[in-house]
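1. here is the input, now give the coordinates:
(chains A and B)
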Protein chains: 2
Amino acid sequence: MPAFIFDLDGTLVDSVYQHVMAWHAALRECGFDLSVWRIHRRIGMSGGLMIRALARELDMPLDESAINRLGELHEQEFRRRIPSISPLPGARELLAELREREIPYILATSGTQANAGPMLELLGRADEKIITREDVKRAKPDPDLFLAAAEKLHVKDVEAMVVGDSVWDMLAARRANFLGVGVLSGGYGQQELEQAGAFRVYADPEEMRRHLDELGVREE
Amino acid sequence: MPAFIFDLDGTLVDSVYQHVMAWHAALRECGFDLSVWRIHRRIGMSGGLMIRALARELDMPLDESAINRLGELHEQEFRRRIPSISPLPGARELLAELREREIPYILATSGTQANAGPMLELLGRADEKIITREDVKRAKPDPDLFLAAAEKLHVKDVEAMVVGDSVWDMLAARRANFLGVGVLSGGYGQQELEQAGAFRVYADPEEMRRHLDELGVREE
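-> Below is the predicted model:
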């Protein structure tokens, strides 16, 4: 039987676009006018890595203190937008079904514990097992988060599958040697996810829940 | 020599995500909790058609007055977000170069005249030639906007090319028998645009401007 490692933002909660707009606002406050789609395409990486990558690509000179300031501004801007975030359709039901069928799963996010907390509350699972940015040295697209998640699952001889909405999830999954399952709910297109290694792509957790048998989850 | 018909939101100005969040907020105010990515994937259609399509897909019962109320709420929410909108990189320069080289072009948007106004101001072209929602019976993905645009260009024996960021632009372009050129700046993936008929895809107006020769624009 497989075990599942779930990304959080864009995969279980509908928070990607709020993160995108929060980064956009933070960058503007610091005088950087970056196109919104370029931010969207980097969400899912750790915030620090994203900012460094964008700065390098766009030749924006950023020192360590500017990067820290951007991170703080993003936190503030994101917190303002939390009231507009909902769980994705079927997310609660999918996790409930996995628990009921005793299929192991865990969450793993490039975000901080502080940002994950309100998202877990939206899912009605404040005490859910989760690996966050603080638990590993490098966040996605490095495989560390998913490797730590698999270790914490304490499950042997299972095939771990990573469920995520971004190409960074799929890339980190391949680097950890796990299969990748994509969801469209973060706003990437199906072909982008497939090209990054997703072996199945569903619209959202609701559609995934109705197709668990395609992922090797069998009736006992 | 070709002539160009440009979409506005997501193609020349960086306003797609603000439209997405404005629709999301309007829908929530009316009690509908729609995933943000589903709204994103419909932007570029006329607002009325988008709402009708989403309502049908999701089995949300919406009467005419609810659709009108949603439209008004979207207008309000979008207006609040205008200060966070910038021209896309290279947009002003691309239009300036076309004017200088006497290559005919026109703008065509599924949006209203009222929403187009502030976007044209951002481009420094308040009096730019533009076809809006009010000028045609049906907006994208119907071809009417682009056919009206070509007519207004008053240019014969040219190959009109439609430049847009959404699959609805590409679909309407094909229905009007014009070539489609995609830009990634609205947040669609390259393959989505190509699959919808884009024969070239550029990151944004800046990249298109540097590759005009690929589109049949020749040095005199």
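2. when you work out contacts or count neighbours from here on, use the C-alpha atoms and nothing else.
-> OK.
3. need the per-residue pLDDT for the closest residue to A:Ile131 other than its chain neighbours.
-> Excluding its sequence neighbours, the residue lying closest to A:Ile131 (C-alpha to C-alpha, 6 or more residues apart in numbering or on different chains) is A:Ala108, at 4.6 Å. Among the per-residue scores, A:Ala108 shows a pLDDT of 97.
4. count of residues packed around A:Ala108?
-> Counted by other C-alpha atoms under 10 Å in any protein chain shown, the residues lying close to A:Ala108 total 30.
5. quick one: contacts for it?
-> A:Ala108 is in contact with A:5-8, A:130-132, A:145-146, A:149, counting by C-alpha atoms under 8 Å, 6 or more residues apart in numbering or on different chains.
6. quick one: A:Leu12 from chain B, how far?
-> Distance from A:Leu12 to chain B, counting by C-alpha to the nearest C-alpha, to the nearest Å: 11 Å.
7. again, but for A:Gly111
-> If you measure A:Gly111 against chain B using C-alpha to the nearest C-alpha, the figure is 20 Å.
8. so that residue sits right up against A:Ile43, yeah?
-> No. With contact defined as C-alpha atoms under 8 Å, A:Gly111 does not count as touching A:Ile43 (10.1 Å).
9. mind listing what's buried along stretch A:203-213?
-> A:203-209 (16 or more other C-alpha atoms under 10 Å in any protein chain shown).
10. need these in TSV with pLDDT, secondary structure and distance to B:Phe78, can you?
-> Output for the buried residues of stretch A:203-213, formatted as TSV (pLDDT from 0 to 100; DSSP: H, G, I helix; E, B strand; the rest coil; distance: C-alpha to C-alpha, whole Å):
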residue	pLDDT	secondary structure	distance to B:Phe78
A:Ala203	98	coil	27
A:Asp204	98	coil	27
A:Pro205	98	helix	29
A:Glu206	98	helix	30
A:Glu207	98	helix	31
A:Met208	98	helix	33
A:Arg209	97	helix	35
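11. show residues contacting the lowest-mean-pLDDT helix or strand in chain A.
-> Within chain A, no helix or strand scores below helix A:47-58, which has a mean of 85 by mean pLDDT, DSSP states H and E. With C-alpha under 8 Å, 6+ apart as the test, helix A:47-58 has contacts from A:42-43, A:60-62, A:67, A:71, A:110-111.
12. just the buried residues of the helix or strand hosting A:Phe146, please?
-> Applying DSSP states H and E as the criterion places A:Phe146 in helix A:144-153. Going by neighbour count (16+ other C-alpha under 10 Å), the buried part of helix A:144-153 is A:144-150, A:153.
13. adding distance to chain B, write the residues you listed out as TSV.
-> Listed next are the buried residues of helix A:144-153 as TSV, based on distance: C-alpha to the nearest C-alpha, whole Å:
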residue	distance to chain B
A:Asp144	27
A:Leu145	25
A:Phe146	25
A:Leu147	29
A:Ala148	29
A:Ala149	27
A:Ala150	29
A:Leu153	30
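14. which parts of chain A sit against chain B?
-> Within chain A, the residues that sit near chain B (C-alpha under 8 Å from any C-alpha of the partner chain) are A:14, A:17, A:21, A:25, A:33, A:35-38, A:40-41, A:84, A:86, A:88-89, A:184-189, A:191-192.
15. out of the residues you listed, which are buried?
-> A:14, A:17, A:21, A:25, A:33, A:35-38, A:40-41, A:86, A:88-89, A:184-189, A:192.
16. local confidence estimate at A:Asp59?
-> pLDDT, read off for A:Asp59, is 84.
17. and it, how many neighbours does it have?
-> Other residues near A:Asp59 come to 9 when the count uses other C-alpha under 10 Å.
18. next up, phi/psi of it, please.
-> When quoted as degrees, to the nearest 10, the phi and psi of A:Asp59 stand at phi 60, psi 40.
19. residues of stretch A:69-81 that come out buried?
-> By neighbour count on 16+ other C-alpha under 10 Å, the buried set for stretch A:69-81 is A:70-71, A:73-75, A:77-78.
20. now do stretch A:150-169
-> Buried, per 16+ other C-alpha under 10 Å, within stretch A:150-169: A:150, A:153, A:159-169.
21. for stretch A:15-32, same thing?
-> Buried residues in stretch A:15-32 (16+ other C-alpha under 10 Å): A:15-27.
22. and the contacts of it?
-> Stretch A:15-32 has contacts (C-alpha under 8 Å, 6+ apart) with A:9-10, A:33-34, A:36, A:39-40, A:43, A:70, A:73-75, A:77-78, A:81-82, A:85-86, A:186, B:17, B:21, B:36, B:84.
23. how about the strands of chain A, start to end?
-> With DSSP state E as the criterion, chain A has strands at A:2-6, A:105-108, A:130-131, A:159-164, A:179-183, A:198-202.
24. if we can go back for a sec, among the buried residues of stretch A:203-213, which pair sits farthest apart?
-> Spanning the widest gap among those are A:Ala203 and A:Arg209, at 10.6 Å by C-alpha to C-alpha.
25. for the nearest residue to A:Gly90 once chain neighbours are set aside, what are its contacts?
-> Nearest non-adjacent residue to A:Gly90, counting by C-alpha to C-alpha, 6+ apart: A:Glu206, 3.9 Å away. Residues near A:Glu206 by C-alpha under 8 Å, 6+ apart: A:89-91, A:93-94.
26. among those, name the buried ones.
-> Using 16+ other C-alpha under 10 Å, the buried members of the contacts of A:Glu206 are A:89-91, A:94.
27. would you turn the residues you listed into TSV with pLDDT and distance to A:Arg218?
-> TSV is the format used below for those (pLDDT from 0 to 100; distance: C-alpha to C-alpha, whole Å):
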residue	pLDDT	distance to A:Arg218
A:Pro89	97	23
A:Gly90	98	19
A:Ala91	98	20
A:Leu94	98	15
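28. run a quick neighbour tally on A:Ala96.
-> A:Ala96, neighbours per other C-alpha under 10 Å, totals 12.
29. cool, and A:Arg200?
-> With neighbours defined by other C-alpha under 10 Å, the count for A:Arg200 comes to 17.
30. many thanks, I have nothing further to ask.
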